[in-house]
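Asker: Starting from these lines, generate the structure:
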Amino acid sequence: MEPADKKKRSLVNLFSFLTTCLFLFLAVQFSDGVSGAVSNFATKINKITDSLDKAVLGLSTDVNYTDYNAKTDYLSVNTSFETKGMAGLYNITTLFIKAVMPKDILMQGLVTVDKNKQIHLTYDYADLMWYYQTLVALLVFLALCVVLFPLFFLFFCCCRCCCGNCGARSQPADKKKDLCKKLCQGTVLIVLATGLLFGVVCAFVSNEQMQEGIRDFPNNMNNSIQDTGKYLNHTSGEINHLLVDNYNEFSDALFGVLDNASVAVTSQLEEYSNATAMLQLLDFAHNLTNVQTTLEDLKTSSNRLRVYASQLNDALRKVKKDLTTTLQDCKLDPCNAVRNNVSLLQTNIDFNKYVDRYFPRLPDLSDSITSIEGLGIEDIQTAAENGNENLNNVKKQIADSLKTGIGSAKSQITKSGQDIKTKMNDVTDMINEFQTSLTSTTKEPLEKANDYIAKYGMYRYYAGLTVACVLLLVTVCIALGLICGICGKRPDGFSDNCCNKGAGSQFLICAVVIMFIFGFVISVMTLVSVVVGIVSDKAVCSTFKNPSGSNIMQVLDDLVEFDSFKVSFSSMLKNCHSNQSVYTTFNLKDKFNIAEVRSQFNISEQLSEFNLNKSMFDNFKILDEGNMRIMDNLKNFQTPNLDKFTDELSAKFTNYNLNQLSDKIQEVIDTMKKTQDPGYEDTIRNLQLSQLHLSTYNEKILDPMRNLATQVMTNATELDSMLKMGSDSFNDAVNDLLDKIVKAQDYLLNHGADSLINITDNFKGTIITLVDGYMDRVEYQITNEVGTCGPLSAVINSTLTSTCDKILLPWNGFWFSMFWSILLYIVTIVVAIKLATLYQKYKPYGHGYVETRAGKRGKKKGKKSKRYEERHPPNAGHGAVARGSHPVDGRYDDMAPKHPQYLNYLATVDNTSRINHEAFTRF
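Answerer: Residues are numbered from 1 along each chain as shown. Below is the predicted model:
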């Protein structure tokens, strides 16, 4: 860009800036200088709107709605479950159930519900078996246990009784590796016995907890039903309080505002049109009679004060003279003090002097009284009443214009309130009906359940206790067998102990027999308990504790349809556990639609019936010309300077307190009496007389004068305030009032109709705001506060605790204890039989070992494995303990001693012992 162009561009910008500043300056000056009806009208309208909003909205905020504070004590909150040390068992059981069952017990698509609420099963056996494969495997295993326990028990009996095996036949000596076998098998059996002991403890405790849960079940359910009734009653009370009590509070406040509508509108119109000046002028006109009376009272009081002042001067002069004469010859120190005070004694009053006649210190009210008498008080009062009557006519027309709309609004609000009460009654009737139905339908089942539990509950408990005792008996037999087998000696036939290894073998065989016999019963009970427990836990407890995503809950949603509520079962549970209101939880929109209720409270149409007569301000005048001239006469009133009363009468009337002077005189008298000088007797009498005079003057003159002065100052102050009316002077007040009346008259004449319409529109908006405030409260309370479902959620959780935690959880723990025992039985039976066989081997007589060659050669050439057996002498008596079905080898007969008597005795003992031993071991 060329330099010349840049310079030209800069000049143009500067010119534009200066022009803009000039226009802004002129605009500001013009706006500051503008005054007129239009500007004043706009300002006043804004002021009226703001102030009216504040005034009427102030009424609406005064509606202090009371809250429903009824307290309800619920019993379900106290329902809890103590595991009593079984938390580990229940956790393991829960994990096991999760392992054998799918996450959702109901396979997707297995159960469907059609439109007619008919249930259909759609499945493929292969898919069904695959989906429940783990559960099927568990059930098959338990079924096999049911079949195989009796079958293997039969095999075991045949093996012992017919074949002499399975620990039935005693062997004569230990093999070389039998000690190692006993140690290993004994250790394994100890571990198994410990596991069985865990099952025993769990069985006893879970059975006891299950019994407690069953015993408390009717009471817990009864508490849940009672809490449900309390919740419904509380909810009904909340609804009634909101829609009846709060509505009455709202309607009272609203009707109060509507009844004062005309007063509120006209008062605002008067205030901001300055028409209130007419009311002030009317009040002053009515007070003119009081002004005249007060002036006359002040004049009379002023004259009385002058008389009192004159009397006080004369009295003080006399006292001063008497005291001076009496004390002139007194030489005492108190006398000197009194003489000094008396010399200063005088009054501070100027309005009783001679010059006051020509230059009065107190105001002379004669001219003011004459002036007010010439004003024509009655004419002024009549003119003021005429002006006020003109304003009252406007008020009456406004009230008549608003009357129709106010009546329609009241009718609409009343009708809406009745509709609300009707809908509320429908809801409460439905709640009461549900409560009655709940009570009637649950009372009989609970009574039957209580009877069944009382009659048959103990049988279930004793059955579980019997199973636990059987498990304990097996564990005790195994423990005794291990104790005897580990700590006892081998049987030798001569000094047998009752707790030798042979007894340990018999204890183990007893445990095996019990496991075989009761294994069948326990397997059957476990099979039934597994089906009931797992299905109940997954179908009921898991579904209701976690309803979201459950296939069973989806089927319930499709199958169950509430007649009164359009809500699904799952959403109802979800909303209830989220502590939603009863309106949201049960979807009461069809029963009580908030939007419809709000529309019924729409009174805009009724408020539009405010038919304001705009012609009421045509040729309107507050004071006509004649009345205005009469009011101008007030300017001729001569107001006195009432402040001078305060200036003159607020000062002290004496320069020395008469009571203090009397006290000083008393000191002089006391001093003279102490001297006991007879020459002071006349002086004392004169001083006492002066004291009496001072007391009399103080009581009869000074105190009444002070009281009268106080009254005069009060009357003068009130009269001065009455005359000035908040202005600097009476003339300014009158001029200001008349000027305001003229301006108000012009304002109402030119802008009254428009102002009234704007005020009325704002009033309508305020009324609608008041109605919306109540409806907002109703909507918020119903959708968020009324009937919050926390107590009902606690009832549901309490019911689940009473059933799932206190009954079903111990039930599952009990069958898991039995299942655990069954698993251990399978291994325990094998180990116990093997260990019992080892414990059966007896100790031979003589402890002699015979070397026998092994059937196979060792790995090294020339080496042979050796086996040593303890051999008894022939017919040595131990054959009765360890002898089987075959006789002892006769090739060792030559090693036994040859004593005929001893041999005959041994033969007899051997025959008897053999018979008894074989009969016992084959059992």
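Asker: rest of the way, CA atoms for contacts and neighbours
Answerer: Will do.
Asker: residues in contact with Gly387?
Answerer: Contact analysis of Gly387 by CA atoms under 8 Å, 6 or more residues apart in numbering lists Met278, Ile622, Leu623.
Asker: Please read the previous query as pertaining to Asn593.
Answerer: By CA under 8 Å, 6+ apart, the contact list for Asn593 is empty.
Asker: ok, now how distant is it from Ala794?
Answerer: Note on Asn593: its distance to Ala794, by CA to CA, to the nearest Å, is 28 Å.
Asker: Tell me the one of the contacts of Gly387 nearest Asn500?
Answerer: Closest approach between the contacts of Gly387 and Asn500, by CA to CA: Met278, at 128.8 Å.
Asker: Report the secondary structure state of Phe81.
Answerer: Put simply, Phe81 is coil when judged by DSSP: H, G, I helix; E, B strand; the rest coil.
Asker: returning to what we had before: which of the contacts of Gly387 fall in helices?
Answerer: In helices, defined here by DSSP state H, the members of the contacts of Gly387 are Met278.
Asker: so which of the contacts of Gly387 comes closest to Ala753?
Answerer: Ile622 (15.6 Å).
Asker: what's the closest one in contact with, if anything?
Answerer: Residues near Ile622 by CA under 8 Å, 6+ apart: Asn386, Gly387, Asn388, Asn390, Leu391, Ile741, Gln745.
Asker: which one of the residues you listed has the most neighbours?
Answerer: When these are compared by neighbour count (other CA atoms under 10 Å), Ile741 ends up highest, at 25 neighbours.
Asker: That one sits in which helix or strand?
Answerer: Assessed by DSSP states H and E, Ile741 sits inside helix 730-780.
Asker: same thing with Arg306?
Answerer: Element membership for Arg306 (DSSP H and E) is helix 276-326.
Asker: And that helix, what does it pack against?
Answerer: Judged by 3 or more CA pairs under 8 Å, 6 or more residues apart in numbering; DSSP states H and E, the packing partners of helix 276-326 are helix 333-344, helix 366-373, helix 377-487, helix 681-697, helix 703-724, helix 730-780.
Asker: Need the contact partners of the fifth one.
Answerer: If I follow you right, that is helix 703-724. Contacts for helix 703-724 (CA under 8 Å, 6+ apart): 284, 291, 294, 298, 301-302, 305, 308-309, 642-643, 645-646, 649, 729-733.
Asker: how about 6 Å then?
Answerer: Outside of helix 703-724, the residues within contact range by CA atoms under 6 Å, 6 or more residues apart in numbering are Leu642, Phe645, Thr646, Leu649, Phe730, Ala733.
Asker: just to revisit the earlier point, name the nearest of the contacts of Ile622 relative to Val136.
Answerer: Minimum distance to Val136 across those is 98.1 Å, recorded for Leu391 (CA to CA).
Asker: Without its sequence neighbours, what residue ends up closest to that closest one?
Answerer: Excluding the flanking residues, the one nearest Leu391 by CA to CA, 6 or more residues apart in numbering is Ile622, at 6.7 Å.
Asker: Show me the shaky parts of the stretch 701-850 of the chain.
Answerer: For the stretch 701-850 of the chain, applying pLDDT under 70 flags the ranges 841-850.
Asker: can you rerun that using 90?
Answerer: The stretch 701-850 of the chain contains residues with pLDDT under 90 at 701-806, 829-850.
Asker: swap in the stretch 501-650 of the chain?
Answerer: Counting by pLDDT under 90, the ranges of the stretch 501-650 of the chain that qualify are 501-513, 517, 519, 535-650.
Asker: Asn641: what secondary structure?
Answerer: Under three-state DSSP, Asn641 comes out as coil.
Asker: Now for it: which residues touch it?
Answerer: So Asn641 contacts nothing (CA under 6 Å, 6+ apart).
Asker: Same list (the contacts of Gly387) but as TSV, adding distance to Asp364.
Answerer: Listed next are these as TSV, based on distance: CA to CA, whole Å:
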residue	distance to Asp364
Met278	32
Ile622	37
Leu623	35
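Asker: right, and the helices and strands packed on helix 276-326 - which one's nearest Pro102?
Answerer: Set against Pro102 and scored by CA to CA, those come closest in helix 377-487, at 28.6 Å.
Asker: Could you give the average pLDDT over that closest one?
Answerer: Taken as a whole, helix 377-487 has a mean pLDDT of 80.
Asker: In the following helix or strand past that helix, which of the residues would be classed as buried?
Answerer: As assigned by DSSP H and E, the chain's next helix or strand after helix 377-487 is helix 501-536. For helix 501-536, a neighbour-count test (16 or more other CA atoms under 10 Å) marks 501-516, 518-527, 529-530, 533-536 as buried.
Asker: repeat for stretch 767-785
Answerer: 767-768, 770-771, 773-775, 778-779, 781-785.
Asker: do the same with stretch 364-373
Answerer: Asp364, Leu365, Ser368, Ile369, Ser371, Ile372.
Asker: just those now: which is nearest Lys103?
Answerer: Ile372 (105.1 Å).
Asker: returning to what we had before: any idea which helix or strand comes after the helix holding Ile741?
Answerer: The first helix or strand that comes after helix 730-780 along the chain, using DSSP H and E, is helix 790-800.
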